[in-house]
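Peer 1: Sharing a model that was predicted from the sequence below.
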Amino acid sequence: MNDKCILVVDDESQVRTLLRELLTREGFVVREAADGRAMWEALEDGAVALMTLDLNLAGEDGLALAREVRRRCDMPIVMISGKVDDVDRIVGLELGADDYITKPFNLREVLARIRAVLRRYRSEPAQDARADTDRRTFDGWSFHRAERRVVDPTGAVVDLTTAEFDLLAIFVERPKRVLSRDMILDLTKGAAWSPFDRSIDTQIARLRKKIETDPESPTLIKTVRGVGYVFTAEVSAG
């Protein structure tokens, strides 16, 4: 992946020009797409670090495009939209967007938020690096993926069910990222969980009882109201 390449997807040429000029000045390589077809062509060429996506592409469902991009690609998405309703923002984030910016926007704010999203992605261990070591530490805890073992700050091994361990693994490998319930379902391959009976929330409540000092006021796994959950701890390898 070229960590300097940004794909700007917007059917307004003026918006594409504004973003291209801004990002180019800051040292990024910018590619542009005015519709879904051009977007897929650009993604097939590879080497894209982040994509900005207008949800109001003429004649196309931006949310459907975002869902499909998230399904196929492991890359950050910053949604840009003229829709300011909280519902639209929440739906966008639940589909896997890493940020949501409304039009009209401040160019410097767009730049700052793109950089913040890229920093979060770069800070995550690469898949190859994860294979080199299975141990993670956070807030005094030790997480051993290969051994499926979790050790608390006192050195005691904590007994987790298979579902609880897999859920914790998802969070430990994606710290400081907001994960929607749908994303968690996808990451667990939908294993016996249903988004309709809120069993994800139940599993998280059970996990909190085992790793939080105060499960009623959690500090590690926090709820992002209307969106999902975020693992707030600093996670280190080894």
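Peer 2: Happy to help now that I have it.
Peer 1: Low-confidence bits of this protein, can you list those?
Peer 2: Counting by pLDDT under 70, the chain contains low-confidence residues at 1-3, 83-89, 91-92, 94-96, 122-133, 186, 188-198, 238.
Peer 1: Could you pull out the strands in it for me?
Peer 2: Taking DSSP state E to define them, one finds strands in the chain at 5-9, 29-33, 50-54, 77-81, 99-102, 135-138, 141-144, 149-151, 157-158, 178-180, 221-224, 228-231, 235-237.
Peer 1: which other residues reach the second one?
Peer 2: Residues external to strand 29-33 that are found in contact with it (C-beta atoms under 8 Å, 6 or more residues apart in numbering): 2, 4-10, 16, 19-20, 23-24, 38-39, 41-42, 48. All C-beta spots, glycine's among them, are computed from the backbone N, C-alpha and C.
Peer 1: related to what we said a few turns ago, any chance of CSV for the strands of the chain, columns mean neighbour count?
Peer 2: Output for the strands of the chain, formatted as CSV (neighbours: other C-beta atoms under 10 Å):
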stretch, mean neighbour count
strand 5-9, 25
strand 29-33, 18
strand 50-54, 24
strand 77-81, 24
strand 99-102, 18
strand 135-138, 18
strand 141-144, 17
strand 149-151, 19
strand 157-158, 13
strand 178-180, 21
strand 221-224, 15
strand 228-231, 20
strand 235-237, 14
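Peer 1: same for the helix ranked longest in the chain, what does it pack against?
Peer 2: Ranked by number of residues, the top helix in the chain under DSSP state H is helix 107-123. The contact analysis (3 or more C-beta pairs under 8 Å, 6 or more residues apart in numbering; DSSP states H and E) places helix 107-123 against helix 13-25, strand 50-54, strand 77-81, strand 99-102.
Peer 1: okay if I get those as a markdown table plus distance to E60?
Peer 2: Formatted as a markdown table, the helices and strands packed on helix 107-123 follow (distance: least, C-beta to C-beta, whole Å):
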| stretch | distance to E60 |
| --- | --- |
| helix 13-25 | 16 |
| strand 50-54 | 10 |
| strand 77-81 | 13 |
| strand 99-102 | 18 |
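Peer 1: just to revisit the earlier point, would you list the strands of the chain in CSV and tack on distance to F171?
Peer 2: Shown next, in CSV, are the strands of the chain (distance: least, C-beta to C-beta, whole Å):
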stretch, distance to F171
strand 5-9, 28
strand 29-33, 33
strand 50-54, 23
strand 77-81, 20
strand 99-102, 19
strand 135-138, 9
strand 141-144, 10
strand 149-151, 12
strand 157-158, 15
strand 178-180, 7
strand 221-224, 6
strand 228-231, 4
strand 235-237, 9
